[in-house]
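Colleague: For reference, the sequence and a predicted model appear below.
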Amino acid sequence: MKVLKSEQINPFGGLNFVIDEFERLGLGSFLTANLPSLAPQCSYDWKDILYSFWSIYFCGGDCIEDISSNLKGHLDHNPFFKIPSPDRILDRMKELSLPKDLFTLPRGTSLHQFSLHHFLNELNLKLLQKLNLPAHENHTLDYDNTILFTNKLDSRSTYKKSFGYCPGVGIIENKIVFVENRNGNSAAKDLQFETLTRMFEELKKQNINIDSFRADAASYQVNVIDLVSKNTNKFFIRACMSAALAQRISEINNWVKIETNSETIFRGEITFTPFIRTLKRKRELYKAKDYRLVVTKIERKDKQVNLFTKDAYLYSAILTNDYDLSVNEVVSFYNQRGAIEKEFDVLKNDFGWNNLPFSKLEQNTVFLMFTAMCRNLYQYIIEKFSIKYEGLNPKYRIKKFIFRFIAIPAKWIKTSRQQKLRVYGNIHFKT
């Protein structure tokens, strides 16, 4: 095979359309106006820093070093932004980090390290509104924690016996609206009331109304449910099995049998007053409230008897204050929060959450926030471009987007005193 040398052509030509859309949105001026001022003599502004950083993930990279080792030669001649070194990008992120907050639990001695960043959460919400997230529309908010396994200098052991962090994340549809980092020794249920309080305050400041809230059993706490009730219209929270809960489940007499291809399911409901013993201990029994408990049970194949209910069934219960949906609709609506696990997979594998660059919790929080913004920007781009480009679908992960759109051969040429993008290939793109 004979190889002939030719002019250098950028293999990531589709990135120019992405950056052009950023410019149409006015992201450069938005970043300059909302991020701390830089000295006039600085060679790179916030647009250069963040456009370069986000380009790593739009071109298939997975770590900061890719900007110099793999991308710099291809992006150097673009007319939109200048390419800084990886060290410059990391230094700017470090400058935005805030000291971590230390907490203890009322009945514990362990020190819980939290990294709170009101400023960047506010910036992310402003960016989402710029990307057309409706402010006054009633939204469904999902909250969950995920474990980022890492052996960073200050990381602590998680409940899975490996070192890492355990950030809490709020998601509306497939948009990241809140991130609060915490060290690995802080379980999801620890200080969740305080975390959710901060999240609801951030959303209220941006006039983002929450109609429904969904969360797993870590949110099954008396103060959390009280907080959620005050800040949303409806909530759907997985209930933890207990003797009191099992007693109420045993009183259900309206089980409905549902046959599926693989198993037989029974569903029923009953009114339930949770946390009676907790409220009695606190002498706050006046706060007790009745809620709707929707229960699903499936017969165990191993016939092992449940410790609480004394029968061979697997139980799952959802506590809610919604009395309009049917039993099956409640379960179906709650199960939709399973999409949040997919979002964690996307953040970890597509947007760098599995490759944290810093050795400190608070610095990695800045990284998590900017990659979450990149995830939100990608969702906006894929939804908009799929309307114009027939080879795209709004559900595509970024890898397929790169193969089908970003990896377009192109180069910038200057004709008639203008910079023009020459694209090579049969590209079905409506400009």
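Modeller: All right, it came through fine.
Colleague: Does Tyr193 touch Val222 like I think?
Modeller: For the record, residue 193 is Phe, not Tyr. No - in this structure Phe193 lies outside contact range of Val222 using CB atoms under 8 Å: 9.4 Å. (C-beta placed from N, C-alpha, C; glycine too.)
Colleague: what about the nearest residue to Leu131 once chain neighbours are set aside, which helix or strand?
Modeller: Once flanking residues are discounted, Leu131 sits nearest to Tyr380: 4.4 Å by CB to CB, 6 or more residues apart in numbering. In this assignment (DSSP states H and E), Tyr380 forms part of helix 361-388.
Colleague: which element follows that helix toward the C-terminus?
Modeller: helix 398-401.
Colleague: Pull out the buried residues from that next one.
Modeller: 398, 401 (16 or more other CB atoms under 10 Å).
Colleague: just checking, what packs against that helix?
Modeller: helix 339-350, helix 361-388 (3 or more CB pairs under 8 Å, 6 or more residues apart in numbering; DSSP states H and E).
Colleague: Go through these and pick out the most buried.
Modeller: Mean neighbours per residue, mean count of other CB atoms under 10 Å, is largest over those for helix 361-388, with a mean of 21.
Colleague: elements contacting it?
Modeller: Against helix 361-388 (3+ CB pairs under 8 Å, 6+ apart) you get helix 15-25, helix 46-58, helix 86-96, strand 112-115, helix 118-130, strand 175-182, helix 339-350, helix 398-401.
Colleague: So for Ala288, which of these sits nearest?
Modeller: Each of those has some distance to Ala288 by CB to CB; the shortest is strand 112-115, at 28.9 Å.
Colleague: can you list the residues that contact that closest one?
Modeller: Under the contact criterion CB atoms under 8 Å, 6 or more residues apart in numbering, strand 112-115 has outside partners 98, 100-105, 154, 156, 180-183, 185-186, 190-191, 195, 361-362, 364-365.
Colleague: now do stretch 65-84
Modeller: 8, 10-12, 15-16, 19-20, 22-23, 28, 43-44, 47-49, 51-53, 55-56, 59, 61, 85-86, 89, 412, 419.
Colleague: I only care about those that end up buried; give me the PyMOL line for that.
Modeller: Filtering those down to the buried ones (16+ other CB under 10 Å) takes a single PyMOL command:
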select buried, resi 10+12+15+16+19+22+28+44+47+48+49+51+52+53+55+56+59+61+86+89
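Colleague: which regions of the chain lie under the pLDDT threshold?
Modeller: Counting by pLDDT under 70, the ranges of the chain that qualify are 1-7, 135-136, 426-431.
Colleague: Can you spell out the domain ranges of it, please?
Modeller: Under the assignment automatic domain parsing, the domains of the chain span 15-96+389-423, 101-350.
Colleague: what sits against the nearest residue to Gln336 once chain neighbours are set aside?
Modeller: Take Gln336 and drop its neighbours on the chain: the residue closest to it by CB to CB, 6+ apart is Arg214, 7.7 Å away. By CB under 8 Å, 6+ apart, the contact list for Arg214 reads 140-143, 235-237, 333-334, 336-337.
Colleague: can you check Leu148 too?
Modeller: Leu148 touches 164-167, 348, 353-354, 356, counting by CB under 8 Å, 6+ apart.
Colleague: try it again with 6 Å
Modeller: 164-165, 353 (CB atoms under 6 Å, 6 or more residues apart in numbering).
Colleague: Okay, and the beta partners of the nearest residue to it once chain neighbours are set aside?
Modeller: Of all residues not flanking Leu148 in the chain, Tyr165 sits nearest, at 4.7 Å (CB to CB, 6+ apart). For Tyr165, the residues forming beta bridges with it (DSSP bridges) are Leu148, Asn183.
Colleague: what residues are up against Tyr165?
Modeller: Counting by CB under 6 Å, 6+ apart, Tyr165 has contacts 148, 181, 184.
Colleague: Redo the residues you listed as TSV? Include distance to Leu116.
Modeller: Below are these laid out as TSV (distance: CB to CB, whole Å):
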residue	distance to Leu116
Leu148	17
Asn181	8
Gly184	17
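Colleague: For Lys230, state which of those is nearest.
Modeller: For the contacts of Tyr165, the nearest to Lys230 is Asn181 (25.7 Å; CB to CB).
Colleague: distance of the closest one from Ala215?
Modeller: 18 Å (CB to CB, to the nearest Å).
Colleague: next one: Ser316
Modeller: Ser316 is 14 Å from Ala215, by CB to CB.
Colleague: again with Asn138
Modeller: 18 Å.
Colleague: Same check on Cys374?
Modeller: 25 Å.
Colleague: Repeat that for Ile270.
Modeller: Counting by CB to CB - Ile270 and Ala215 are separated by 21 Å.
Colleague: out of those two, which sits in the busier spot?
Modeller: Ala215 (26 against 16; other CB atoms under 10 Å).
Colleague: Settle this for me: the more buried one is touching Phe235, isn't it.
Modeller: No - contact status for Ala215 versus Phe235: not in contact, 7.8 Å apart, counting by CB atoms under 6 Å.
Colleague: can you redo the contacts of Leu148 as TSV with distance to Tyr424?
Modeller: Formatted as TSV, these follow (distance: CB to CB, whole Å):
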residue	distance to Tyr424
Gly164	44
Tyr165	43
Trp353	34
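Colleague: For the helices and strands packed on helix 361-388, give me a markdown table that also has distance to Ala246.
Modeller: Shown next, in a markdown table, are these (distance: least, CB to CB, whole Å):
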| stretch | distance to Ala246 |
| --- | --- |
| helix 15-25 | 53 |
| helix 46-58 | 47 |
| helix 86-96 | 49 |
| strand 112-115 | 31 |
| helix 118-130 | 39 |
| strand 175-182 | 32 |
| helix 339-350 | 28 |
| helix 398-401 | 45 |
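Colleague: Tell me which of those lies nearest to Glu284.
Modeller: strand 112-115 (24.6 Å).
Colleague: Return the list of strands paired to that closest one, each annotated with direction.
Modeller: strand 101-103 (antiparallel), strand 175-182 (antiparallel).
Colleague: what's the closest of the contacts of Leu148 to Asp290?
Modeller: For the contacts of Leu148, the nearest to Asp290 is Tyr165 (38.1 Å; CB to CB).
Colleague: Against Ile147, how distant is that closest one?
Modeller: The spacing between Tyr165 and Ile147, counted by CB to CB, is 7 Å.
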